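Asks: One predicted model, sequence on top.
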Amino acid sequence: MYEYAFDTELVRVALILGIITSMLFYNRYGVTTGGAIVPGYLALFVPRPTQIVMTFLIAIVTYQLVQRWLRPRFMLWGRRLFEAEILVALALQILVHGLLYVPASSDPRLIALYSVGFVLPGVIAHDMGRQKAQVTVQAGIICTLVVFGIMTLIRALRDIFGLYVPIGDLPLRTGGLTYAYPPGWLLLGVTVSVLGSIALYHRNLLPRRLLAHSLRSGGFVSAGYLALFVFQPLDILFVVVCAGITYLIVTRLLMQRAILFGRAKLSAMFLTGMTVTWLGELLLDFSGLGFVPWLGFNAIAPTIVSLLANDAQRQGPRRTVMGMGLATGLVFLVMATLSAGYQFVTEGRLI
């Protein structure tokens, strides 16, 4: 949905390079970049620096609000602290979108004041709680510029030597996409996804006996995007299959040969998930079937794959599928209801 600094082919390379750069920077200096996926995603927006500035600004405000006000009052730590940071960052983004909604409709240039991603500011704020905010911002910017510089060089060499892999260049189904709710409502859909994921994990937030055990749903945002593609079952199947392959490679191969846990394990999941997703897209493209999975959402698809695989490693594939299905169903029901209500009100006004 975004217009990135690089084309579809290079977006995947940028994300993989971002994780590698983040890992090397952490191993060398002991400083995190606001999350392993942050440099790769931010590098896609370097030509629009205001969005990167807004991302860090929202992260800093989130960090200050949570650490100085919410944490001491509500005794937040661990996952609950992370959830609070994600929710506060989302609330700030909703506020910004609300303030800019009317002006941006008449002046599209104001869209440059939106932040990058929906949970990225919250993830960055979480790392700011582990180290100084200034250190996190500096590390994130340095790695982002490194990734962007390398990617610019790769693009130049590709253009000189004509090394193209035309993924999705003339997809046969471009005009036939049907989303479950308007893509412009993704911020709201992701918010419902975050709330649903938190409720599934803390089952005491739901009616008694609805869940026997807590469930993870493949990260905070996955259900929001999966619900968008409910009417595109092949896209969902593609993500689930890639997540299964990623899970098997990491748990049955990599974790048997290396000591992987914490940040290293998550980075391995992301690297493997992105590689598997990319190869899957290549195979589909070369097959001539005319099916381009997750058209328009090529950057988020491998992230969802990796998050699903990571939760499968934590709680098992069956429970992850259950969590994913329940969270996706919740988002779909809420967003479909809101979409139908909006359409009814709009048509009523027209009459």
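Replies: Done, it's in. Numbering: from 1, shown residues only.
Asks: can I assume R12 is in contact with M274?
Replies: Yes - at 6.1 Å, R12 and M274 qualify as touching, with contact defined as CB atoms under 8 Å. Quick note: C-beta positions are derived from backbone N, CA and C, even for glycine.
Asks: shared neighbours, those two?
Replies: The contact sets of R12 and M274 overlap at P302 (CB atoms under 8 Å, 6 or more residues apart in numbering).
Asks: I'd like to know how many residues surround the spatially closest residue to A243 that is not a sequence neighbour.
Replies: In this structure, A243 finds its nearest non-sequential neighbour in L308, 3.8 Å apart by CB to CB, 6 or more residues apart in numbering. L308: 30 surrounding residues under other CB atoms under 10 Å.
Asks: mind checking which helix or strand L308 is in?
Replies: helix 301-315 (DSSP states H and E).
Asks: What residues of the next helix or strand after that helix count as buried?
Replies: Toward the C-terminus, helix 301-315 is succeeded by helix 317-350 as the next helix or strand (DSSP H and E). With burial defined by 16 or more other CB atoms under 10 Å, the residues of helix 317-350 counted as buried are 317, 319-324, 326-328, 330-332, 334-335, 338.
Asks: Next: stretch 235-244.
Replies: So stretch 235-244, judged by 16+ other CB under 10 Å, has buried residues D235, I236, F238, V239, V240, C242, A243, G244.
Asks: what does stretch 154-163 give?
Replies: Per 16+ other CB under 10 Å, stretch 154-163 contains these buried residues: I154, R155, R158.
Asks: Kindly present the residues you listed as TSV, with separate columns for distance to F6, secondary structure and pLDDT.
Replies: TSV is the format used below for those (distance: CB to CB, whole Å; DSSP: H, G, I helix; E, B strand; the rest coil; pLDDT from 0 to 100):
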residue	distance to F6	secondary structure	pLDDT
I154	9	helix	91
R155	6	helix	90
R158	10	helix	87
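Asks: ok so, going back, now the helix holding L308: mean pLDDT?
Replies: Per-residue pLDDT values across helix 301-315 average out to 96.
Asks: Buried ones in it, by neighbour count?
Replies: In helix 301-315, counting by 16+ other CB under 10 Å, buried: 301-313.
Asks: helices or strands next to the host helix or strand of Y247 in the packing?
Replies: Assigned by DSSP H and E, Y247 falls within helix 233-249. Judged by 3 or more CB pairs under 8 Å, 6 or more residues apart in numbering; DSSP states H and E, helix 233-249 is in contact with helix 262-287, helix 301-315, helix 317-350.
Asks: quick one: contacts for S222?
Replies: S193, I304, L307, L308, M324, A327, T328.
Asks: And this structure, what are its domain boundaries?
Replies: 1-164, 172-351 (automatic domain parsing).
Asks: quick one: K265 and I111, what's the gap?
Replies: 36 Å (CB to CB, to the nearest Å).
Asks: More neighbours: those two, which one.
Replies: More neighbours surround K265 than the other of K265 and I111, with 19 against 15 (other CB under 10 Å).
Asks: Would you confirm that that one contacts M255?
Replies: Yes - with contact defined as CB under 8 Å, K265 reaches M255; the gap is 7.4 Å.
Asks: V146: what's it in contact with?
Replies: Going by CB under 8 Å, 6+ apart, the list of residues near V146 reads T21, P39.
Asks: Please tabulate the contacts of S222 in a markdown table and include distance to F220 as additional columns.
Replies: Converted to a markdown table, these look like this (distance: CB to CB, whole Å):
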| residue | distance to F220 |
| --- | --- |
| S193 | 6 |
| I304 | 11 |
| L307 | 8 |
| L308 | 12 |
| M324 | 12 |
| A327 | 9 |
| T328 | 13 |
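Asks: Any stretches of the stretch 201-350 of the chain with poor pLDDT?
Replies: Scanning the stretch 201-350 of the chain for pLDDT under 70 picks out the ranges 205-210, 212, 348-350.
Asks: and of the contacts of S222, the nearest to V230?
Replies: Checking the contacts of S222 against V230 by CB to CB gives T328 as the nearest, at 7.2 Å.
Asks: quick one: the closest one from T275, how far?
Replies: 25 Å.
Asks: Going along the chain, name the helices of the protein.
Replies: 8-29, 38-43, 49-65, 71-74, 78-106, 120-130, 133-161, 186-201, 222-228, 233-249, 255-257, 262-287, 301-315, 317-350 (DSSP state H).
Asks: For the first one, name the packing helices and strands.
Replies: If you count contacts as 3+ CB pairs under 8 Å, 6+ apart, helix 8-29 packs onto helix 38-43, helix 133-161, helix 262-287, helix 301-315.
Asks: I figured I58 hits L95, correct?
Replies: No - counting by CB under 8 Å, I58 sits too far from L95 to count as a contact (9.5 Å).
Asks: Look at those two and report which has more neighbours.
Replies: I58 (26 against 11).
Asks: ok, that one - contacts?
Replies: I58 neighbours (CB under 8 Å, 6+ apart): A89, L92, Q93, V96, S115, P121.
Asks: next one: stretch 129-146 to chain centre, how far?
Replies: 19 Å (CA atoms, centre = their mean, to the nearest Å).
Asks: Excluding chain neighbours, what is closest to W77?
Replies: Using CB to CB, 6+ apart, the nearest residue to W77 is R71, at 7.8 Å.
Asks: my guess is the one you found meets G78, correct?
Replies: No - R71 is beyond contact range of G78, at 11.4 Å (criterion: CB under 8 Å).
Asks: Now do G98 against A104, distance only.
Replies: Counting by CB to CB, the separation of G98 from A104 is 11 Å.
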